[in-house]
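**Q** Show me the folded form of this:
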Amino acid sequence: MSRFINSGIRFFVRRFMPGIATALEEENQFESIEGPEPGIQDSSRYLDVEDNGADTTIVAFAGMAILYAAMPKFEFRKLLQEAGGHCNFVFVRDLYRSSYRLAPDGSGDGIAFYERAVTRALAQLGAIHNIAIGMSGGGEAAIRISGAAPIHHVIVFNPAFPLEAYGSLRNVLHAVLNFRTLACEPGAYIEVLFVTLGSYFLWKRNSRLFGREDLERPLQDYLRRAAPATLVYSEHCRTDARQAFSLKDIPSIALVPVRSRRHNCLADMKKEGQVVSFLRKVMSGLK
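**A** Numbers count the residues shown, from 1 in each chain. Coordinates of the predicted model:
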């Protein structure tokens, strides 16, 4: 991206997502918004493994890939430690903001690459329970990659799944014309509009780089194993609710609505003091 666009994204994140901006700055990752040059060989740039000798491993996928290319530690680390206690962690980074479709070496087999990388990391850790977690674009990656990696449960928040549907012109148009949310909660309106436009941009960019992906492919990837999944969605955000309902007939996916108009439903769950208790309940039920 150009410096102008990256500067605009930084301004938007600082203005409308201050929690994310602060966390990225605290972890010295805010500059990663620029993204790296293709051809990365150092695995520490895209995979961070923490072996804490625990029986449970959390695989956290970076979300909002259109905004930054940083590790997803800030999104879930504290929440998961509070909710699940002692865990191993595998943090996975989407280096090129390509919805994980571009591998670190620049090739177009990113999904298969990350499936192998996560599988190797989990084999190295040898935990009894492996849980994939992600929000937005990270949620799509968690669902897709669980179809090949040894994941026992998936927890996702408003996954952009599949991206081609999430970034559709219909969703963009609804986000633009959603004047009810604009009147009731302008911050949520701007957030959903920005994320939907970002998803559309990312979808178009991926299409130019790799060609159009079959809309059924992401779901087919997941259904190879159909790991049990808990999908949390914002019931008052039409775009995210529509995406969730499209998966309602899949027996392995449990839909959990939360009262939110935002795409970042975690923020509202935190505000209501719900997120840690929710994660604790889900994770305790897996053991």
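
**Q** wait, F278 sits on D268?
**A** No: distance between F278 and D268: 11.8 Å, which falls outside the contact criterion (C-beta atoms under 8 Å). (Each C-beta comes from the backbone N, C-alpha and C, glycine too.)

**Q** just for the chain, where's the confidence low?
**A** 1-10, 12-42, 64-75, 84, 285-287 (pLDDT under 70).

**Q** how close does T239 sit to V59?
**A** Distance, T239 to V59, by C-beta to C-beta, to the nearest Å: 26 Å.

**Q** what's around the residue nearest to P159 when sequence neighbours are not counted, how many residues?
**A** Once flanking residues are discounted, P159 sits nearest to G139: 2.7 Å by C-beta to C-beta, 6 or more residues apart in numbering. A count of nearby residues for G139, using other C-beta atoms under 10 Å, gives 27.

**Q** Can you point out the buried residues in whichever helix or strand G139 is part of?
**A** When elements are assigned from DSSP states H and E, G139 belongs to helix 137-145. Buried positions in helix 137-145, judged by neighbour count with 16 or more other C-beta atoms under 10 Å: G137, G138, G139, E140, A141, A142, I143, R144, I145.

**Q** Pull the contacting residues for the last one.
**A** Meaning I145. Counting by C-beta atoms under 8 Å, 6 or more residues apart in numbering, I145 makes contact with F61, Y100, I111, Y114, E115, V118, A132, I151, D221.

**Q** What segments of the chain are strands?
**A** Applying DSSP state E to the chain gives strands spanning 47-50, 56-61, 88-92, 129-135, 153-157, 229-234, 253-258.

**Q** by contact count, what packs against the longest helix along the chain?
**A** Selection of the longest helix in the chain by residue count, based on DSSP state H, yields helix 186-210. Here helix 186-210 touches helix 3-16, helix 163-166, helix 169-177, helix 179-184, going by 3 or more C-beta pairs under 8 Å, 6 or more residues apart in numbering; DSSP states H and E.

**Q** That one vs strand 229-234, what angle?
**A** Interaxial angle, helix 186-210 versus strand 229-234 (axes from the mean of the first three to the mean of the last three C-alpha atoms, to 10 degrees): 130 degrees.

**Q** Any buried residues in helix 186-210, and which?
**A** Within helix 186-210, the residues that qualify as buried by neighbour count (16+ other C-beta under 10 Å) are 188-203, 205-206.

**Q** Ok, stretch 172-181 next?
**A** So stretch 172-181, judged by 16+ other C-beta under 10 Å, has buried residues V172, H174, A175, N178, T181.

**Q** can you check stretch 107-119 too?
**A** Neighbour-count burial for stretch 107-119, counted by 16+ other C-beta under 10 Å, picks out G110, I111, F113, Y114, E115, A117, V118, T119.
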